[in-house]
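S.K.: Whatever this is, show me its structure:
(one chain, ligands or ions: 1)
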Amino acid sequence: MASATVGSDGMQTVTVTGDDQLRYEPSVIKAKPGKLRITLRTLGGTPHDLEVRPVKINTGLVSKDQERSIEVTLSRGRYDFVCTFHLTSNMVGVIDVS
Ligand SMILES: [Cu+2]
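M.R.: Sure, this is the predicted structure:
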């Protein structure tokens, strides 16, 4: 589990890595209500994406050693995020906004 970091501009940020074991790290993100920038970085040779549901905002495919960011505005609640390529391998995580 990791908490989002708040920058000087008030934006919350967190970096999530995806690896060849088809896992996100962290897979549980704690954040406050408001804007959150999520950066996905792919470590191994297997490309991944990251989609926050149900808002359906997606990083697009991220290849090895690359990263892409998305911004979401979330109110209190729990939001699943998934790799749409490896959903059947249970490559999922959750954002806990409280
Ligand atoms: Cu994946």
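S.K.: Around the ion, pick out the residues from this structure.
M.R.: Neighbours of the ion within the chain, by Cβ under 5 Å from the ion: His48, Cys83, Phe85, His86, Met91. For the C-beta atoms, the positions are set from N, CA and C on the backbone; glycine is no exception.
S.K.: I figured the last one was touching Asp80, is that so?
M.R.: No: judged on Cβ atoms under 8 Å, Met91 makes no contact with Asp80 at a distance of 11.4 Å.
S.K.: neighbour-wise, which of these two wins?
M.R.: The neighbour comparison of Met91 against Asp80 (other Cβ atoms under 10 Å) goes to Met91, with 23 against 12.
S.K.: now the more buried one, nearest residue through space, not along the chain?
M.R.: Cys83 (3.9 Å; Cβ to Cβ, 6 or more residues apart in numbering).
S.K.: Give me the phi and psi for the one you found.
M.R.: Dihedral angles of Cys83 (phi, psi; degrees, to the nearest 10) stand at phi -90, psi 120.
S.K.: contacting residues around it?
M.R.: By Cβ atoms under 8 Å, 6 or more residues apart in numbering, Cys83 lies in contact with Gly18, Leu22, Tyr24, His48, Asp49, Leu50, Glu51, Met91, Val92.
S.K.: Just the ones in strands from these, please.
M.R.: Among the contacts of Cys83, DSSP state E puts Gly18, Tyr24, Glu51, Val92 in strands.
S.K.: which of the residues you listed tops the neighbour count?
M.R.: The ones in strands among the contacts of Cys83, ranked by neighbours (other Cβ under 10 Å): first place Gly18, 26 neighbours.
S.K.: and Pro26, how many residues sit next to it?
M.R.: 16.
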